[in-house]
Every structure is written in structure tokens, then in C-alpha cells.
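Novice: just to be clear, the model below is a prediction. Sequence and coordinates:
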Amino acid sequence: MDLVNIGILGLGTVGGGTAAVLSRNAEDITRRTGKTIQVTMAADKDPSKIEEFSQLGIKVVDDALAIVQDPEIDIVVELIGGYTIAKELVLEAIKKGKHVVTANKALIATSGNEIFAAAAEKNVTVAYEASVAGGIPVIKAIREGLAANKISSVAGIINGTGNFILTEMRDKGSDFADVLKQAQELGYAEADPTFDVEGIDAAHKLTILASIAFGIPLQFDKVYTQGISTVQIDDVNYAEELGYSIKHLGIAKKTETGIELRVHPTLLSKKELLANVNGVMNAVLTLGDAVGPTMYYGAGAGSEPTASAVVADIIDIARTINVTDTTSKVPALAFDINTLDSTDVKSIYNIDTAYYLRVSAMDRPGVMADITKVLGDHDISIEAMIQKEATNGDSNADIIILTTSTIESNMLDAISAIEELDTISGEVVMLRVENPDK
Ligand code: HSE
């Protein structure tokens, strides 16, 4: 039986999970591929990992380049993360004619165009299922399962740490820092947790989803990115009262006026399936012209859920080894690389969406009329409105407004005019409201 030799770069949370899943399910994997898939080598700088994995019969080295250059290795599994060393190793592996599996969303989002071009030239595969939404096979679903469709939008909860934090804050009133610490201990968070809470990790993943959904190049630098660190508990509570949950969404839309790529806290009606995705779970909702809405749900982080996606990629590649006809290969970014669409990505000021506003207003007659007049002057309609009683001797009262859709620059002009009113104090809180399955 054919033997496929795997070299794993990085024996952290996902590397360990990958070795464990390949070993535990070896028999079924062989039944699925007709091949024996074996982790032959692994690299890690940590001496304790070298000792632990050597005991499993894996040759563990501290120099990742030794694996990339070893002629015995068929598939290099890059689980180091980050942009620099990982990129050098992946490009070197491609140069040596090796297939690559990676969970590295930062690398694919920022250097994927270059990496896929290099891979195409050497006729090797770079597979990256684990880079988006952990164990959910969403890349395969969009790239292959939805290949018949024109996809008009993708919206997802694609950062488990952020979703875990928002869920715990809402359900337990927990402190942001405590919940983040818990997520780090559970192995969900990035090495630099600001990547999770400031939306960079979600923006990496959204870049990839948008590319394979719309057939556009990877354009991480065009993603509007806003994190959850500024989400206030008052807004979580007011949103709940109005029948909404605040979720950190990645949104990609193909509209008549361009492509929208944005990551930001978003109000979702609790009637929406996405609004009910809680804890560390991820979900991605797509809209296709033929199929309509489809949604994919599962664990977006963690050792074996992410390993599930890594091993699925290894299995896919193992099936193609020694197959000479490559004409049926699925393109790396779902579309022929020479046909990628150059439609502009819209500025955030030009997006068209609904809004949640919180205004701190003096408790005086006529204040409400002043605010509604400003909105009316900007042709913005009010969908719902509540006024909270001023409490604890505070002379200000919170007014919460949900609006219908308008262009963001128009909303920002209206907010500036509201903030200029004498009866308003402080800045208006603005959050976007979406209805992603329409
Ligand atoms: N830090 C990421 C998350 C891990 O929390 O979703 C998976 O990419």
C-alpha cells in the first residue's frame, strides 16, 4: 500500500491534535484513501514537545527547514502561524515540489495570491480548510458544494474567542478580561489576543471567504475592521430588550455598487439563526442565487476540531498523490486564477445598512422632537425607539433608536448634527444592524 509521509511544522494545540487524530483514526483514513498516512517528522523548538512526540515514533527536530527539505516528506503541514517564518517555509516547501496544508489564515489572507501562484507553477496543492472557522468544512462547502451559485453574501461568526466573550458577558455579566483569560486557557485565543478582540483574525478569515465566494483576489488590506473591545454592557442589554443580540460578524456582500468587506459588532434579530450561535461556536451563512440561504455551524477553534479540517485536507491531497491527470483539480481560490474579478471594494462610508443609536439626552421637553427632526432631515426613518428613565439623580436619559437602512456617510452626518444639539451630551453610540439571510 502507498505510504504518504507527513511532516508537521509546529506541535502546539493544533499540531498535537493533528497527530492524535491521524493516529486514532488511521484505519478509517486508510479505508477512505487506500493509503497509509504517517506523521514521519515534526518540528518544534520546545524540548518537552520533542521528547513527547519522539515517544510516538515521530522523528522530532527543532529545525523546520529540515522537514521542508527532506525528500521523503510528501505533505508539509504548516501549523506555526504568523506571517514571516511560516511564509518562507511554505514557499520553500512549494519550491521543493511538496504539497502544503496550513491552518494559517494570516498567511493566506495576506500572501495567498503569491503562494497560490507559486503552487500552480509547481503543480502542487496548498490546502487551507482549517484557516477559516476551525472544524467547519466551509471552504469545501463554498468552493465545491456551492459551485453552481452566484453567491451574493457571506456573513459569519468566525472568531470563537470573540463570540465566547460576548456570550459570557451577556449571560453572566462577566468581566471582559476574565472571559478573555478563560478563552486563552482553553486554547481558543490567538498568541496575540488583540487579533481576536480587535477583529484582525476575523478579517483574515473574511478575506478568504470573500475570495472563494465571489472569485476576487485576497484583499485583506481592504477589510474594514472594528473589534469588540468597545462594546458596552448597556448596549448589550438595550439590544436584548429590543429583541437583538450583538454579535461580532464578518460580512462580505456583492452589491451593484461594489463589494463590501467588513468586520464589526452587529445587532442581529434574535429570530435569526446566526444570533443564536453562542460560546466558542462559529457559523457562516451564505446566500446563493440557486440554493438561497445555507448555514454551516460548528467548533471554530480548539485542538481536535481544527485538526479535523487539517486531516481532511491531508486526506484530499493524499488521494491525488501519484495521479497524473490534474485537469480536474479544484482551483485554490475556487475560480480560475486568471479570471479573478477586479470589482472595487467599497469604502465603509458607502455601505448601506440599518443602525442602532444610543443618545444620552437631557430630560427636557422637545428633545425627542429635535433628534427625530435631524434624522428626518437626513431622510432616515425610525424603525423603533425607546427612552429610558433618567436614574440616580442623573439628569440625562438614554434614548435608543433603530433606523431603517441608509448610506453610512449620511448616518455619520446625522450623528454629527445630533451631537451638536444643546440637549445632547457626549458621543452618540452607533452600531450596525444586519439581516444576513435576506
Ligand atoms: N483565535 C481563533 C478564534 C482560533 O478564536 O476563533 C481559530 O482561528
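Specialist: All right, it came through fine. Numbering: from 1, shown residues only.
Novice: I'd assumed residue 100 was in contact with residue 93.
Specialist: Yes - here residue 93 reaches residue 100: they are 5.2 Å apart, a contact under Cβ atoms under 8 Å. The way it works is simple: take the backbone N, C-alpha and C, and place the C-beta from them, glycine included.
Novice: contact residues of the stretch 251-400 of the chain facing the ligand?
Specialist: Residues of the stretch 251-400 of the chain lying close to the ligand (Cβ under 6 Å from any ligand atom) are 300, 301.
Novice: looking at the stretch 251-400 of the chain, which residue is nearest the ligand?
Specialist: Residue nearest to the ligand within the stretch 251-400 of the chain: residue 301 (3.6 Å; Cβ to the nearest ligand atom).
Novice: for that residue, give me the pLDDT.
Specialist: With respect to pLDDT, residue 301 scores 88.
Novice: SS state for residue 426?
Specialist: At residue 426, secondary structure determined by DSSP: H, G, I helix; E, B strand; the rest coil is strand.
Novice: angles on the backbone of residue 243, please.
Specialist: Note on residue 243: backbone dihedrals following degrees, to the nearest 10 are phi 90, psi 30.
Novice: how about it, what does it touch?
Specialist: 269, 270, 271 (Cβ atoms under 8 Å, 6 or more residues apart in numbering).
Novice: how about the nearest residue to the last one, chain neighbours excluded?
Specialist: Read that as residue 271. Among residues not flanking residue 271 along the chain, residue 243 sits closest, at 7.7 Å (Cβ to Cβ, 6 or more residues apart in numbering).
Novice: where do the helices of the stretch 151-300 of the chain begin and end?
Specialist: 160-172, 176-185, 194-197, 200-214, 233-241 (DSSP state H, counting those that start in this stretch).
Novice: avg pLDDT for the longest one?
Specialist: The predicted model assigns helix 200-214 a mean pLDDT of 98.
Novice: ok, back up a step: of residue 93 and residue 100, which one has the most company?
Specialist: Higher neighbour count among residue 93 and residue 100: residue 93, with 30 against 25, using other Cβ atoms under 10 Å.
Novice: quick check: which element contains residue 7?
Specialist: strand 2-9 (DSSP states H and E).
Novice: how far does that strand sit from its chain's centre?
Specialist: With Cα atoms, centre = their mean, to the nearest Å as the basis, strand 2-9 stands 28 Å off its chain's centre.
Novice: against which helices or strands is it packed?
Specialist: Judged by 3 or more Cβ pairs under 8 Å, 6 or more residues apart in numbering; DSSP states H and E, the packing partners of strand 2-9 are helix 13-24, strand 35-43, helix 64-68, strand 75-78, helix 303-320.
Novice: buried residues in that strand?
Specialist: 4, 5, 6, 7, 8, 9 (16 or more other Cβ atoms under 10 Å).
Novice: any chance of the residues you listed in TSV, with pLDDT and distance to residue 332 too?
Specialist: Converted to TSV, the buried residues of strand 2-9 look like this (pLDDT from 0 to 100; distance: Cβ to Cβ, whole Å):
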residue	pLDDT	distance to residue 332
4	97	20
5	97	23
6	98	20
7	98	21
8	98	21
9	98	20
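Novice: re earlier: just name the most buried of the helices of the stretch 151-300 of the chain.
Specialist: Mean neighbour count (mean count of other Cβ atoms under 10 Å) peaks for helix 200-214 among the helices of the stretch 151-300 of the chain, with a mean of 27.
Novice: quick one, the helix or strand of the chain with the lowest mean pLDDT and helix 233-241 angle?
Specialist: The weakest-scoring helix or strand in the chain, judged by mean pLDDT, DSSP states H and E, is helix 176-185 (a mean of 83). Orientation of helix 176-185 against helix 233-241 (axes from the mean of the first three to the mean of the last three Cα atoms, to 10 degrees) gives an angle of 80 degrees.
Novice: all set now, cheers.
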